[in-house]
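**Student:** Coordinates for the following, if possible.
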Amino acid sequence: MAKNRRDKSNGNPSPRRVRSRTHSLDDYRQKRMSEAHTSTRRKIDLNENRNLLKPQRNTLKTTSKYEARTKQIRQEANKQTKRDSKAHEQRLRKRRNNYLILITCVVSMVVYIAVSGMQTLVRPTISYQTVQKGTIDNGKSYEAIIVREEQTYVTDLTGNIHYIIGEGQKVKNGGQVAVIADDASVQSVSQSLMQVDSAIQQVQDKRLGVSDYQQAIYNVQDEINVQMNNYFATLNNTSRVQVYDLRKNIDISLNSRAQIYAQDEFTDNWSLQEDRSNLAYELSTYQNTMVAAQSGVVSYKIDGYEWLNIDMDYYTFSDLIKDRTLMTPQQSNTQALVDEPTFKIVSNDNWQIVTYIPLQDTNNYNIGSRYNITIIDDTNISVSSTLKNIEPYIEENVAKLVFEMSEMLNRTLSQRVIQVIIGDASAQGLKIPLQAIVEKNILIIPSSFIFHDNTVEKVYRQSGNSYVDIPINVQKRDTEEGVVWLLQNVEDSQSIQLNDVLYLPDTGETYVVNEVDTLQGVYKINERFANFMKIKVILSNDEYAVLSNDSDTVVREYDQIISNPKGVEENQLLKNMIIQNE
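**Tutor:** Numbering: from 1, shown residues only. Purely as a prediction, here's the structure:
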């Protein structure tokens, strides 16, 4: 049956041939059991297949509806998801934009700060100060010793000293300075001599018309008249010294007249001439006139240290300072003693001050520079000097300074060991920082080469075979010397430079610019430009300077000046610089 179903299911059954064969019963049973088992298995398989196929058909139908609904749900979900995704993407995009803006701001701020910092580091910074009035007081004093070219004179006689030349007066070589005399004997003989001279004069006056010395007598009388007239002409301004000089000169003239009278031979009274000759000889034995062996200034202040010179070392200087009480010049005695100094002559108007200062202080001084020195005493004499030498003593950490003066010699003849202040002791005026001062090269040219074009001063400068007019900026004038000073700007080829040739059309004269000097000044801030303004320093210390109050200083109070001018040029625009007030 199963076979038939298979054949039927095949749709084309065909007869089966059966071969005759002989089977045993066991074989047959086994065969039938096998077929039965096979048939049963097939049924089971068929049922299983049917069971499997039937649910599959139902599942397909259910799946189609479900899938449609699911598809719809999915589509709606996808739409919602797309909407949510789009909104989320928009939120993310907005958030990214916010982050980008924030990052951009932060980066911009960082870049700005960095650039500002770099500009601060790269751009130069200048400081300025407002000019104000102030005072500088340089009160530091030093011990010093005065040195002069001095020579003392001694006498080999004993007697009273009669000074012919006063203290501090000049005497020529061979001039009479003093007389050493036995006053009592001299006075007695002098009175007798005066009586004889008076008698001779009475005799000679009667025969003056026939005297061989008539003209000489008249000349002496004229000298006396001139001296008296000069005295009365200046009577209101006459000093005691001038009165003394008049008396001395008249005595000399009268003595000259008496000698002329005595030289004239006359026969009326020979004894008068003989008496005068004897008295004159006797008078010479009682007095001796001291004369100068060289010209110079006479002084009677002797201290025993006239041998000093500027070569003294530090140890000699120190010893002399310790013995300063022994170095006070004393007026020489009115009584002359043998081999004792009577007077001294200073043969040179130039004198020196020697001092020792700490080695570190020498940085403030330059050889050849001018310094005012104040001698500290009751009068506080101030004298201008030139620094001649600086000699360091490393072992003692000091340096010797030698200053030379050519004035005030008479005022210091009585001084030897002194205390001095080098430089002006104090000054008041416009006070500026020392570091604000700059120096400019200035050219010196004759003022005769300058001409005026309206209000502009110009000069003609040679340019090839022709001459061009160049405007100039005069910084300083000297009418006595006939010269002017011009600022030199090496960066401006259109301005006057060193070795330029100037031309004077009126005369055809030429001048080569070859004189250079220096001019001190400061940079004044004017409309953010640096303008050079000349100044003149009258006193300075380590930090500040006080300026003069004249035409040599054009800076005025409340002007703003650059206090650190390093790297700043004249007329430079200060726009790209950081300007700050100190």
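**Student:** What distance do you get for K388 to L401?
**Tutor:** Counting by C-beta to C-beta, to the nearest Å, the separation of K388 from L401 is 9 Å. C-beta: built from backbone N, CA, C; applies to glycine.
**Student:** Compare neighbour counts for these two and give me the winner.
**Tutor:** The neighbour comparison of K388 against L401 (other C-beta atoms under 10 Å) goes to L401, with 24 against 14.
**Student:** where's that one relative to Y142, distance?
**Tutor:** 8 Å.
**Student:** Now for these two: what residues contact both?
**Tutor:** T355, Y356, I357, I422 (C-beta atoms under 8 Å, 6 or more residues apart in numbering).
**Student:** What is the nearest of the residues you listed to M290?
**Tutor:** Within the shared contacts of L401 and Y142, the smallest distance to M290 is 35.0 Å, found for T355 (C-beta to C-beta).
**Student:** I'd say the closest one and Y142 touch.
**Tutor:** Yes. Using C-beta atoms under 8 Å, T355 is in contact with Y142, at 4.7 Å.
**Student:** overlap in contacts of these two?
**Tutor:** The contact sets of T355 and Y142 overlap at V420, I422 (C-beta under 8 Å, 6+ apart).
**Student:** between those two, who's got more neighbours?
**Tutor:** T355 (21 against 18).
**Student:** For the nearest residue in space to Q169 that is not next to it in sequence, list each beta-bridge partner.
**Tutor:** Among residues not flanking Q169 along the chain, V298 sits closest, at 5.7 Å (C-beta to C-beta, 6 or more residues apart in numbering). Per DSSP bridges, the residues bridged to V298 are I345.
**Student:** how near is V298 to I445?
**Tutor:** 48 Å.
**Student:** Using JSON lines, lay out the shared contacts of L401 and Y142 together with pLDDT and distance to I101.
**Tutor:** Shown next, in JSON lines, are these (pLDDT from 0 to 100; distance: C-beta to C-beta, whole Å):
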{"residue": "T355", "pLDDT": "95", "distance to I101": "77"}
{"residue": "Y356", "pLDDT": "95", "distance to I101": "77"}
{"residue": "I357", "pLDDT": "93", "distance to I101": "72"}
{"residue": "I422", "pLDDT": "88", "distance to I101": "72"}
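**Student:** neighbour-wise, which of the residues you listed leads?
**Tutor:** I422 (24 neighbours).
**Student:** Contact partners for it?
**Tutor:** Counting by C-beta under 8 Å, 6+ apart, the residues that I422 touches are Y142, T355, I357, Y365, Y371, I373, L401, F403.
**Student:** Kindly report the same for L100.
**Tutor:** Applying C-beta under 8 Å, 6+ apart, no residues qualify as near L100.
**Student:** so where does it fall, helix or strand?
**Tutor:** According to DSSP states H and E, L100 maps onto helix 25-122.
**Student:** In PDB, could you pull the C-alpha coordinates for whichever helix or strand comes after that helix?
**Tutor:** Later in the chain than helix 25-122, the nearest helix or strand by DSSP H and E is strand 125-130. The C-alpha atoms that make up strand 125-130 are tabulated as PDB, following Å, rounded to 0.1, in the frame of the first residue of the first chain:
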ATOM      1  CA  THR A 125      59.900 101.900  27.700                       C
ATOM      2  CA  ILE A 126      61.000 105.500  28.500                       C
ATOM      3  CA  SER A 127      60.400 107.300  31.700                       C
ATOM      4  CA  TYR A 128      59.900 111.000  32.200                       C
ATOM      5  CA  GLN A 129      60.100 113.500  35.000                       C
ATOM      6  CA  THR A 130      58.700 116.900  35.600                       C
END
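**Student:** strands paired with the helix or strand just after strand 125-130, and their directions?
**Tutor:** Next in sequence after strand 125-130, counting helices and strands by DSSP H and E, comes strand 132-137. In the sheet containing strand 132-137, its partner strands are strand 426-433 (antiparallel), by DSSP bridges.
**Student:** buried set for the strand it pairs with?
**Tutor:** Residues of strand 426-433 classed as buried: A427, G429, L430, K431, I432, P433 (neighbour count, 16 or more other C-beta atoms under 10 Å).
**Student:** Can you tell me which of those is closest to V417?
**Tutor:** A427 (27.4 Å).
**Student:** where's the closest one relative to E407, distance?
**Tutor:** Distance, A427 to E407, by C-beta to C-beta: 21 Å.
**Student:** Please produce CSV containing the buried residues of strand 426-433, extended by distance to D453.
**Tutor:** Below are the buried residues of strand 426-433 laid out as CSV (distance: C-beta to C-beta, whole Å):
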residue, distance to D453
A427, 41
G429, 37
L430, 34
K431, 39
I432, 35
P433, 39
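**Student:** domains of the protein?
**Tutor:** For the chain, automatic domain parsing gives the domain ranges 27-122, 142-146+300-333+344-423, 182-293, 432-581.
**Student:** What's the local residue count around N160?
**Tutor:** The tally of other residues near N160 (other C-beta under 10 Å) stands at 16.
**Student:** what helix or strand does it sit in?
**Tutor:** Element membership for N160 (DSSP H and E) is strand 159-163.
**Student:** starting at the chain centroid, how far to that strand?
**Tutor:** On the basis of C-alpha atoms, centre = their mean, to the nearest Å, strand 159-163 sits 56 Å off its chain's mean C-alpha point.
**Student:** Can you spell out which helices and strands pack onto it?
**Tutor:** Where contact means 3 or more C-beta pairs under 8 Å, 6 or more residues apart in numbering; DSSP states H and E, strand 159-163 is packed against strand 176-181, strand 335-336.
**Student:** Tell me the strands beside it, with direction?
**Tutor:** strand 176-181 (antiparallel), strand 335-336 (antiparallel).
**Student:** CA atoms of the first one as CSV?
**Tutor:** The one in question is strand 176-181. As requested, C-alpha coordinates have been extracted for strand 176-181 and formatted as CSV (Å, rounded to 0.1, in the frame of the first residue of the first chain):
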residue,chain,number,x,y,z
GLN,A,176,114.2,146.8,48.6
VAL,A,177,112.1,144.7,51.0
ALA,A,178,113.2,145.6,54.5
VAL,A,179,115.9,147.4,56.5
ILE,A,180,117.7,146.0,59.5
ALA,A,181,118.8,148.8,61.8
